[in-house]
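> Following is a predicted model, sequence given first.
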Amino acid sequence: MGNMYDAVMPMHEGRELPAFTLREIDLPQIRTWDVNGEYYLIVKVKMTGKSDQRVSEAREDMEKMEGNFEVHSIKALGDKPVDLKALQQADMEKMKAKVLSGEYK
């Protein structure tokens, strides 16, 4: 049986990704979004630092990079929950073009 954080904390290569809290002033859509709904956010960050984190494992010593970031803006990618399986590559390419064009600041 998994721990109580399994549903909240997504795993990436065996590590829990960071969780964060937003207020309605930061992201107005939270008022209408469903708890346990999955949504996409566009997060503009500034990298403020990085460091090597050496991790000793039974197999070998591995270098890991750790980055520090400041969040500069957050935008919702739509107002409806996202069906991750139905999201197509073309949709992601369109969003990438919008981000790169500066439409999402």
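Now that the structure is in, tell me what you want to look at. Quantities reported herein were computed from a predicted structural model and do not represent experimental measurements.
> can you pull the contacts of G102?
By Cβ atoms under 8 Å, 6 or more residues apart in numbering, the contact set of G102 is empty. For the C-beta atoms, the positions are set from N, CA and C on the backbone; glycine is no exception.
> which residue ranges form the strands in the chain?
Ranges of strands in the chain, per DSSP state E, are 11-12, 15-16, 41-56, 61-76.
> Compare those and report which one is nearest to M95.
strand 41-56 (7.5 Å; Cβ to Cβ).
> Report all helices and strands that that closest one contacts.
strand 61-76 (3 or more Cβ pairs under 8 Å, 6 or more residues apart in numbering; DSSP states H and E).
> Could you dump the strands of the chain into a markdown table with distance to M92 added?
Formatted as a markdown table, the strands of the chain follow (distance: least, Cβ to Cβ, whole Å):
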| stretch | distance to M92 |
| --- | --- |
| strand 11-12 | 18 |
| strand 15-16 | 24 |
| strand 41-56 | 11 |
| strand 61-76 | 15 |
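> For K98, find the nearest of these.
strand 41-56 (8.6 Å).
> Quickly run through the sheet partners of that closest one, with directions.
strand 61-76 (antiparallel) (DSSP bridges).
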